[in-house]
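[1] coords please:
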Amino acid sequence: MTVRFAALGDSLTEGVGDPVPGGWRGWAALLAPSLSPGPVDFRNLANSGALSRDLLVSQLPTALALRPQYAAVLVGGNDTLRASFDLDLTARQFGAALSSLASSGTVPLTACLPDPGRLLGLPAPLARPLARRMRGVNAVIHALSEHHHAVHLHLADLPWTERRSLLSVDRLHPSAAGHQLIARGFHTLLAESGHPVGPPPAELPTPASVPGADLWWMATRGTRWLAARSTDLLPGLLALAAIEARHLLRGSSRRLDHAEARTTAAIIARLTTPGPQPAPRTAKTSTPR
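    Numbers count the residues shown, from 1 in each chain. Take a look at the predicted model:
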C-alpha cells in the first residue's frame with residue numbers, strides 16, 4: 001500500500017538551504033522515502049514566507065484532499081518576524097490546522113523552532129523580544145502537539161549554534177547537513193513510536209563550506225532579504241527594543257518575561273480545554289520571507 005505524506009509550512013519545509021538542480025530538496029523530501037518499506041507518495045505544499053494563516057487557508061485544504069497518512073506541520077517562525085505578530089492568532093490558526101489533520105486520521109509531524117535572534121547573534125535589546133515571541137510560539141506548539149498526539153521533534157534543541165555546519169549561509173535555514181539531521185530526527189521518533197517506517201534516511205555527502213560564502217550571500221541576496229523586512233519588521237522591532245532597553249537599564253526585564261509566560265499559559269489553557277473552540281481569526285498577509 002502506498003503511504004501518502006504531505007508537507008505543510010514555510011521555507012524550512014520547502015527545503016531552503018539544501019539546494020539541488022532546479023530548486024530545493026529539504027528534510028521532508030529526505031524523510032519521505034523512509035516513511036514506509038513500500039512506495040511513498042510525497043507532496044510538498046510548503047512555500048517561503050508562509051505564515052500560520054497561509055498554512056491554514058492555502059495549504060491545508062489541498063493536504064486534506066490528499067488524505068495523507070502523515071503530514072508535516074511546521075510554521076510560526078515567520079509569524080514572529082512580523083510587526084503584526086499576534087500569539088493568540090498564530091496559536092488558533094496552528095491549532096485549527098493540527099485539529100483538522102488529526103481528526104481526519106492523519107499523523108501530524110510538528111517541531112519547535114530555534115530562536116532567530118540567537119541564530120543571527122543579535123544584540124540583547126533586539127534578541128530578547130524575538131526570543132520571547134519564539135518561546136511563546138514554541139510553548140503553544142509543544143502543548144497543541146501533545147493535545148493532538150502529534151509526533152513532535154525538539155528542533156530548537158539541536159546544536160545549531162555549536163555546529164555552524166548545520167546552518168546555511170543565511171544563518172536562519174538549515175544547511176544540507178541540517179536538513180539531513182531533521183529528517184533522521186523525525187524518522188527516529190516515528191520508529192520509536194511504533195510506526196511501520198522503512199530504513200532511516202541515507203546519510204548523503206554534503207558540500208564543504210566555502211570561505212567567504214557568508215559575505216557573498218550578504219552582498220548578493222542578504223541585503224535584499226534585509227531590505228524586504230525593514231519596511232515591516234524593523235519599525236516594530238525597534239519599538240520593542242526601546243522598551244526592552246529601558247527594562248534592562250532598570251533591571252526589570254523579568255516583568256516582560258513573566259507577562260509573556262502568563263499570556264502564553266492562558267492561550268494554551270483555552271485551546272486545550274475540551275469543548276468547541278472559537279474559529280480562528282484571519283489577518284492581512286504580510287510581506288513574505
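[2] which residues sit in contact with A6?
    F42, R43, L45, T62, A63, L66, P68, Y70, A71, A72, T106 (CB atoms under 8 Å, 6 or more residues apart in numbering). (Glycine included, C-beta is placed from N, CA and C.)
[3] Strand partners (parallel or antiparallel) of the helix or strand harbouring it?
    Using DSSP states H and E, A6 maps to strand 3-9. Strand pairing for strand 3-9, determined by DSSP bridges: strand 40-44 (parallel), strand 70-74 (parallel).
[4] which residues sit against the helix or strand that it is followed by?
    Using DSSP H and E, the next helix or strand after strand 3-9 towards the C-terminus is helix 11-14. By CB under 8 Å, 6+ apart, the residues outside helix 11-14 that reach it are 7, 24, 26-28, 44, 46-50, 72, 74, 77, 113, 173-174, 289.
[5] Same list (the strands paired with strand 3-9) but as JSON lines, adding mean neighbour count and distance to A127.
    Formatted as JSON lines, the strands paired with strand 3-9 follow (neighbours: other CB atoms under 10 Å; distance: least, CB to CB, whole Å):
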{"stretch": "strand 40-44", "mean neighbour count": "17", "distance to A127": "31"}
{"stretch": "strand 70-74", "mean neighbour count": "28", "distance to A127": "22"}
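[6] how about CSV for those, with distance to P125 added?
    Below are the strands paired with strand 3-9 laid out as CSV (distance: least, CB to CB, whole Å):
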stretch, distance to P125
strand 40-44, 37
strand 70-74, 28
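[7] Tell me which of the ones you listed approaches S253 most closely.
    strand 70-74 (29.6 Å; CB to CB).
[8] Next secondary structure element downstream of the closest one?
    Next element after strand 70-74 (DSSP H and E): helix 77-80.
[9] I'd like to know which elements that following helix is packed against.
    Contacts defined by 3 or more CB pairs under 8 Å, 6 or more residues apart in numbering; DSSP states H and E place helix 77-80 against helix 124-147.
[10] The next helix or strand along the chain from the helix it packs on: partners in the sheet, and parallel or antiparallel?
    For helix 124-147, the succeeding helix or strand toward the C-terminus, using DSSP H and E, is strand 151-153. Take DSSP bridges as the rule and strand 151-153 pairs in its sheet with strand 107-111 (parallel).
[11] hmm, back to that, mark which of the contacts of helix 11-14 are buried, thanks.
    7, 24, 26-28, 44, 46-48, 50, 72, 74, 77, 113, 173-174, 289 (16 or more other CB atoms under 10 Å).
[12] Could you list which of the residues you listed belong to helices?
    Counted as lying in helices by DSSP state H, out of those, are W27, A28, G77.
[13] Go through these and name the one nearest A245.
    Among these, G77 lies closest to A245 (CB to CB), at 24.4 Å.
[14] In contact with the closest residue to the closest one other than its chain neighbours, which residues?
    Using CB to CB, 6 or more residues apart in numbering and skipping the chain neighbours, the partner closest in space to G77 is L113 (4.9 Å). Contact analysis of L113 by CB under 8 Å, 6+ apart lists L12, L74, G76, G77, M134, V137, N138, I141, L155, A156.
[15] which among these end up buried?
    Here, 16+ other CB under 10 Å leaves L12, L74, G76, G77, M134, V137, N138, I141, L155, A156 buried among the contacts of L113.
[16] Who does the second one form a beta bridge with?
    Counting by DSSP bridges, L74 forms beta bridges with G9.
[17] Per-residue pLDDT of it, please?
    For L74, the pLDDT comes out at 97.
[18] what residue ranges in the chain score low on pLDDT?
    Residue ranges of the chain with pLDDT under 70: 207-234, 275-289.
[19] residue with max distance from the center of it?
    R250 (33.6 Å; CA atoms, centre = their mean).
[20] how close does that one sit to G38?
    As judged by CB to CB, to the nearest Å, R250 and G38 stand 62 Å apart.
[21] related to what we said a few turns ago, with respect to L101, which of the buried ones among the contacts of L113 is nearest?
    L74 (12.7 Å).
[22] any idea how far the closest one is from G9?
    L74 is 4 Å from G9, by CB to CB.
[23] any shared contact partners between the two?
    Among the neighbours of L74, those also in contact with G9 (CB under 8 Å, 6+ apart) are A46.
[24] Now render the contacts of A6 as JSON lines, adding distance to R246.
    What follows is these, written out as JSON lines (distance: CB to CB, whole Å):
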{"residue": "F42", "distance to R246": "49"}
{"residue": "R43", "distance to R246": "48"}
{"residue": "L45", "distance to R246": "43"}
{"residue": "T62", "distance to R246": "46"}
{"residue": "A63", "distance to R246": "44"}
{"residue": "L66", "distance to R246": "50"}
{"residue": "P68", "distance to R246": "48"}
{"residue": "Y70", "distance to R246": "47"}
{"residue": "A71", "distance to R246": "43"}
{"residue": "A72", "distance to R246": "40"}
{"residue": "T106", "distance to R246": "46"}
